[in-house]
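# structural data only, the sequence is not supplied:
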């Protein structure tokens, strides 16, 4: 039985697509087959982040209109075995697809893949409705900002109303040094408000930006980074493993920062 | 004892925005005069569930009562929210009568309602409507139909004109009211969960939040200044009672205890909830609660 997970957030720019691409790659590395669906019709990005842009020939819309078979539209990632992408159409908008059609595509993919990750567009309109139509689980991505958390809260409400109760949370772009000095919401603050189980915390890191620009998921990058480790851990947690959460604050407690704090640095 | 510290700032901002009325809010898209009901809770303007003897009634808003002509998808959304909030407060397999009033429903919409109900182990049995088309659709879909003229829908409290002398039964919600959710109820609302920022509860009666109140709560929305708002942890975006508005102090207090908000002579005030009943009484002259022992019984 394959798992259909929608990655959504409400607010834009919190890292849905980054999470989808890296998580997909991380799950595939664990030996599972993963299909990523870009549901952001008209503003597709997932192919760029995966570095598959120039290999896109057909899109989901071509499949729906019968211009190609589903298998033809799937772009295989050559670096990671078991990872494929179903790209969205760039020249159309979100109204050009119906929730029913998304369900059709997704159910066809369940036959061949263990995981189906759907990258939802920002907002709660038609594009969002399409993205969640087929999902049975959801991953909410938020950053520790009031606006992002507020939107996440709204989206959780909408998902629950749609009968998706298996909702988990990823808190992205956490900066331990800012949390330490009370300049940023802490993981606990976010959890207290949203009250959904946490599946991962991803520290803010320049390497994420570099990797997205290079079109190479962090988890396959040469120098293994802290965010990459977070993604692998999330993948293992999705697989049912009990993986303890990284202590991001630990680094903040070394002698140097302690002394700095004492002297009001 | 009133907690001056906690509410001082709430009071200070009161001066600038002591009252609001429908005119202030309604920047007149149309010049309908609805000063009588500041915000619409006087009738079942939202989807509403109600137990009556052995049956469960699902009441849809009449078309004229609907705020801003809500599209069907939102009515449905609201229904789902309501059902989930009330889950387990009935026996599995309970029969439901749908009071559709003058709503126009087609077979497909009726099916969606039935499916939604069956998700929470309820079964749609009967449809009461005043529209012929809806009655036909319901009959086609195989439900028993009761077609009636508009105003005599079962023994629902005669709505509208005899405005809320008696409030509706309390609404009991067992989930968190999240951002974007608006609960309107012509009676008292009890929430077993939080009221998150971005969420709104508007009640004609009192509001009890058995959790954290962080959104907007409006008690006594029909103008009852006696209404109170109680929360285990009070960090509201805004509190409204009758026609008075207050914001919370910018700096939240260090420790939280259950607090109660009420109208005093100088505006909305907060006080420790545990001994409110003993130390406060409502005075008609002041039009608010005073912290003196009761002189006359009421």
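Noted; the coordinates are in hand. Values in this document were obtained by computation on a predicted structure and should not be read as measured data.
# where is the longest helix in the chain?
You didn't pick a chain, so chain A it is. Secondary structure assigned by DSSP state H gives helix A:146-161 as the longest helix of chain A.
# could you do chain B instead?
Longest helix in chain B, counting by DSSP H: helix B:72-86.
# if you count contacts, what does the helix or strand following that helix end up packed against?
For helix B:72-86, the following helix or strand on the C-terminal side (DSSP states H and E) is strand B:94-101. Applying 3 or more Cβ pairs under 8 Å, 6 or more residues apart in numbering or on different chains; DSSP states H and E, we find strand B:94-101 packed against strand B:55-59, helix B:107-119, strand B:122-129. (Glycine included, C-beta is placed from N, CA and C.)
# thinking again about what came up before, in the longest helix of chain A, what's buried?
Applying a neighbour-count criterion of 16 or more other Cβ atoms under 10 Å in any protein chain shown, one finds A:148-161 buried in helix A:146-161.
# can you tell if it touches chain B?
Yes - residues of helix A:146-161 are located near chain B by Cβ under 8 Å from any Cβ of the partner chain, namely A:150, A:151, A:153, A:154, A:156, A:157, A:158, A:160, A:161.
# I'd like these as TSV, with pLDDT and distance to residue B:242 appended.
Below are these laid out as TSV (pLDDT from 0 to 100; distance: Cβ to Cβ, whole Å):
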residue	pLDDT	distance to residue B:242
A:150	95	28
A:151	96	32
A:153	96	28
A:154	95	28
A:156	95	32
A:157	92	28
A:158	92	32
A:160	90	32
A:161	87	31
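# tell me the one of the residues you listed nearest residue A:21?
Distance to residue A:21 across the residues of helix A:146-161 next to chain B (Cβ to Cβ) is lowest for residue A:151, with 21.2 Å.
# show me what from the stretch 151-265 of chain A comes close to chain B.
So far as Cβ under 8 Å from any Cβ goes, the stretch 151-265 of chain A lies against chain B at A:151, A:153, A:154, A:156, A:157, A:158, A:160, A:161, A:162, A:163, A:193, A:195.
# need the contact list for the first one.
Remark: with contacts taken as Cβ atoms under 8 Å, 6 or more residues apart in numbering or on different chains, residue A:151 is in contact with A:9, A:10, A:11, A:142, B:179.
# for these, which one is nearest residue A:79?
Distances from residue A:79 to the contacts of residue A:151, taken by Cβ to Cβ, are shortest for residue A:9, at 26.6 Å.
# mind checking the SS state of the residue nearest to the closest one when sequence neighbours are not counted?
Leaving aside its sequence neighbours, residue A:9 sits nearest to residue A:141 (Cβ to Cβ, 6 or more residues apart in numbering or on different chains; 4.5 Å). Under DSSP: H, G, I helix; E, B strand; the rest coil, residue A:141 falls in the strand class.
# so who does residue A:141 touch?
With Cβ under 8 Å, 6+ apart, residue A:141 has these contacts: A:7, A:8, A:9, A:14, A:15, A:16, A:19, A:152, A:170, A:172.
# can you check residue A:212 too?
With the criterion set at Cβ under 8 Å, 6+ apart, residue A:212 makes contact with A:18, A:48, A:49.
# that one: what secondary structure?
Residue A:212 - assigned by three-state DSSP - is helix.
# one more: residue A:173?
Once three-state DSSP is applied, residue A:173 turns out strand.
# so how many other residues sit close to it?
For residue A:173, the count of nearby residues is 21 (other Cβ atoms under 10 Å in any protein chain shown).
# before we move on, the earlier item: quick one, which of the helices and strands packed on strand B:94-101 is nearest to residue B:196?
Among these, if distance is taken as Cβ to Cβ, the winner is helix B:107-119, at 23.5 Å.
# that closest one and chain A in contact?
Yes - under the criterion of Cβ under 8 Å from any Cβ, chain A is reached by helix B:107-119 at residue B:119.
# contact partners of that helix?
A:163, B:58, B:72, B:76, B:79-80, B:83, B:96, B:98, B:105, B:123-124, B:127, B:137-138, B:140-141, B:143.
# one more pass at 6 Å, please.
Residues outside helix B:107-119 that contact it (Cβ atoms under 6 Å, 6 or more residues apart in numbering or on different chains) are B:80, B:96, B:124, B:137, B:138, B:140, B:141.
# repeat for stretch B:73-84
Residues contacting stretch B:73-84 (Cβ under 6 Å, 6+ apart): A:161, B:46, B:47, B:49, B:116, B:120.
# can you list contacts of whatever helix or strand residue A:103 lives in?
For residue A:103, the enclosing helix or strand under DSSP H and E is helix A:99-110. The contact list for helix A:99-110, computed with Cβ under 6 Å, 6+ apart, reads A:2, A:4, A:35, A:64, A:70, A:116, A:129, A:130, A:133, A:134.
# of the contacts of residue A:141, grab the buried ones for PyMOL.
The PyMOL selection below is limited to those of the contacts of residue A:141 classed as buried (16+ other Cβ under 10 Å):
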select buried, chain A and resi 7+8+9+14+15+16+19+152+170+172
